[in-house]
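Chemist: Predicted model follows, preceded by the sequence.
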Amino acid sequence: MRRITTIVVSVALAAPTAGPALADSGAPGTTFPEQPGSHAQTGCAALVSTSGALSAPRSETAFAITNGLFGDACFGD
C-alpha cells in the first residue's frame, strides 16, 4: 500500500509540470515572430522592438546572426 501511495503522489506532483509541453503551440509561423519565414517585416519588427537584441554584449557568432538578420529583414540586403 505504501508503494502505491508513493507512486500516486509522485505522479500527482509531476503532472502539473507537463502543462507547458501539452500547451497549444498555435499555427505554424505565428508563435515565433523572430523567425518570419517569408514575412521579413515581422522579423525586422521583432528585432527593433527588443531593445537589447542588437546592442547587448554577445559572442561573434551571435553578433553575425543578429546583424545578418537585421540587415536582411530591415534593409533587404
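Modeler: Received, thanks. Only a predicted model underlies this, so the values are computations on that prediction, with no experimental measurement involved. Residues are numbered from 1 along each chain as shown.
Chemist: which stretches of the chain form helices?
Modeler: Secondary structure of the chain, counting by DSSP state H: helices at 2-14, 19-22, 40-49, 60-75.
Chemist: and those, which is most packed in?
Modeler: Of all the helices of the chain, helix 40-49 has the most neighbours on average by mean count of other CB atoms under 10 Å, namely a mean of 16. C-betas here are computed from N, CA, C, even on glycine.
Chemist: Who are the packing partners of that helix?
Modeler: Applying 3 or more CB pairs under 8 Å, 6 or more residues apart in numbering; DSSP states H and E, one finds that helix 40-49 contacts helix 60-75.
Chemist: Specify the angle between the helix it packs on and helix 40-49 in degrees.
Modeler: Here the directions of helix 60-75 and helix 40-49 differ by 120 degrees (axes from the mean of the first three to the mean of the last three CA atoms, to 10 degrees).
Chemist: From the contact counts, what lies against helix 60-75?
Modeler: Packed next to helix 60-75, using 3+ CB pairs under 8 Å, 6+ apart, are helix 40-49.
Chemist: Can you tell me which of the helices of the chain has the worst average pLDDT?
Modeler: Among these, helix 19-22 carries the lowest mean pLDDT, at a mean of 66.
Chemist: What does Pro57 show for phi and psi?
Modeler: phi -60, psi 140 (degrees, to the nearest 10).
Chemist: separation between Ser10 and Ala62?
Modeler: Using CB to CB, to the nearest Å, Ser10 is found at 40 Å from Ala62.
Chemist: Now do the same contact list for Thr17.
Modeler: By CB atoms under 8 Å, 6 or more residues apart in numbering, Thr17 lies in contact with nothing.
Chemist: Now do it against Ser10, distance only.
Modeler: In terms of CB to CB, Thr17 sits 12 Å off from Ser10.
Chemist: Cheers, nothing more for now.
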